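> A structural model of the following input is requested.
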Amino acid sequence: MTREVVPGRGFNHLIYRRPALPAGTDEPRGIHVYLEGDGRPWETRHRIASDPTPVNPLALKLLLRDPASVLYVGRPCYQGFAHAEGCRPALWTKERYSPEVVESMVSAIDRTLPPSERPPITLIGYSGGGVLAMLIAERLDGVVGVITVAANLDIDAWADHHGYSRLVGSLNPARRGPLGPHIRQIHLAGDHDRQVPPWTIERFRKVNPDASFKSIPGFDHRCCWIEQWPRILGEAQNSIRMPAVTLCSL
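Residues are numbered from 1 along each chain as shown. The predicted structure follows:
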C-alpha cells in the first residue's frame with residue numbers, strides 16, 4: 001500500500017492506496033474509497049481530545065480485507081494534523097460533518113482520482129465515516145454506490161438518544177434529499193449496536209426509500225465486522241445490484 005499526503009480544500013489528508021489483489025475482484029475497473037469513523041473527539045464527556053485520530057481504525061482494517069482496488073481518505077485534522085494550520089477542535093466535535101470538512105475531502109479525492117481517469121467509485125464509511133460517505137456522494141462525480149457500516153445516519157436522533165449536544169454546524173443526511181437513483185445504497189447495522197441503535201435511522205430510511213437496509217444478528221458497533229468483512233462486503237455488493245429491500249437479516 002502506498003502512503004501520501006494530499007491537499008484538500010484548506011486541509012491536508014492522509015491517503016493510503018492499493019491496487020486490486022490478484023484475482024481478487026470481479027469489478028477491476030471500480031475502486032472502493034474507505035472513510036474512517038469519528039475516532040476519539042472527546043477524552044471525557046466534558047474535555048475535548050487534543051487529537052481525534054482513532055487508536056483502532058476499523059475502516060482501515062476493513063480495507064485490508066477488501067481484495068478490490070482501494071483508497072483510504074483521512075479526515076481533516078486527523079492522522080497527525082490536529083495542530084495544523086486551520087485545524088480547531090470544532091472540526092472533530094460539533095462541526096465534524098460540516099460543509100468545510102466534506103468539501104475538503106471531496107477535493108482530496110478529486111486530486112487523487114482525477115475525473116478524466118476516474119474508475120467507478122463505491123464509498124464505504126464506518127460509523128461517522130458513513131455520514132461523510134452520504135454527504136460526499138452528493139458532491140463527487142463518479143460515485144456508483146455507498147455502503148455504510150454502523151453509521152449514525154440521523155445525527156440528531158443519535159445525539160438525542162445519548163443525551164449529547166446536537167452537532168450544530170454539521171450536515172445531517174436524514175434532513176437532506178435522497179441521493180440520485182444512479183447511486184445504489186446499502187446500510188449495514190448490528191442488531192446489538194448500542195452506540196447507533198438501528199431505530200435511530202428511521203427518519204433517514206424514510207428520506208431514502210430506494211436504499212437497502214440490513215441488520216446483522218449478533219453484531220454490535222465494532223464486533224464482528226472485521227472478521228466477517230469479505231463475506232459481508234460480497235453480499236452487500238450483490239444487494240447494491242438488486243432492487244431495494246426492507247430491513248432484514250444478512
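> alpha carbons only for contacts and neighbour counts from here, please
Noted.
> Nearest the middle, which residue of the chain would you pick?
What sits nearest the mean C-alpha location of the chain, by CA atoms, centre = their mean, is G125, with 2.0 Å.
> who does the helix or strand containing that residue touch, helix- and strand-wise?
Under the criterion of DSSP states H and E, G125 resides in strand 121-126. Using 3 or more CA pairs under 8 Å, 6 or more residues apart in numbering; DSSP states H and E, the elements in contact with strand 121-126 are strand 31-35, helix 58-64, helix 128-137, strand 143-149.
> so what does the second one touch, helix or strand wise?
The contact analysis (3+ CA pairs under 8 Å, 6+ apart) places helix 58-64 against strand 31-35, strand 70-73, strand 121-126, helix 225-240.
> Can you name the residues in contact with the last one?
Contacts of helix 225-240 from elsewhere in the structure, counted by CA atoms under 8 Å, 6 or more residues apart in numbering, are L58, K61, L62, R65, D66, G145, I147, R184, Q185, I186, S212, F219.
> how does it look with 7 Å?
Defining contact as CA atoms under 7 Å, 6 or more residues apart in numbering, one finds that helix 225-240 is touched by K61, L62, R65, D66, R184, Q185, I186.
> State the distance from the fourth one to S215.
The one in question is D66. Distance of D66 to S215, given as CA to CA, to the nearest Å: 21 Å.
> now the second one
Taking CA to CA as the measure, L62 and S215 are separated by 18 Å.
> swap in the fifth one?
Here the distance between R184 and S215 works out to 17 Å (CA to CA).
> ok, which stretches of this structure are strands?
Using DSSP state E, the strands assigned to the chain run over residues 2-7, 12-18, 31-35, 42-44, 47-48, 70-73, 121-126, 143-149, 184-190, 212-216, 248-249.
> partners of the first one in the sheet?
Pointing back at strand 2-7 there. In its sheet, strand 2-7 lies beside strand 12-18 (antiparallel), with partners assigned from DSSP bridges.
> average model confidence for the strand it pairs with?
pLDDT averaged over strand 12-18 equals 98, rounded to a whole number.
> What of stretch 211-228?
When the per-residue pLDDT values of stretch 211-228 are averaged, the result is 96.
> mind checking how far P173 is from R45?
Applying CA to CA to P173 and R45 gives a distance of 25 Å.
> higher neighbour count, those two?
Each of P173 and R45 has its neighbours counted (other CA atoms under 10 Å); P173 has more, 26 against 8.
> Okay, that one and A211: tell me how far apart.
When CA to CA is the yardstick, P173 and A211 sit 13 Å from each other.
> same thing with Y16?
Using CA to CA, which is the criterion applied here, Y16 is 29 Å from A211.
> So for the two, which sits in the more crowded spot?
Between Y16 and A211, A211 has the larger neighbour count (other CA under 10 Å), namely 25 against 19.
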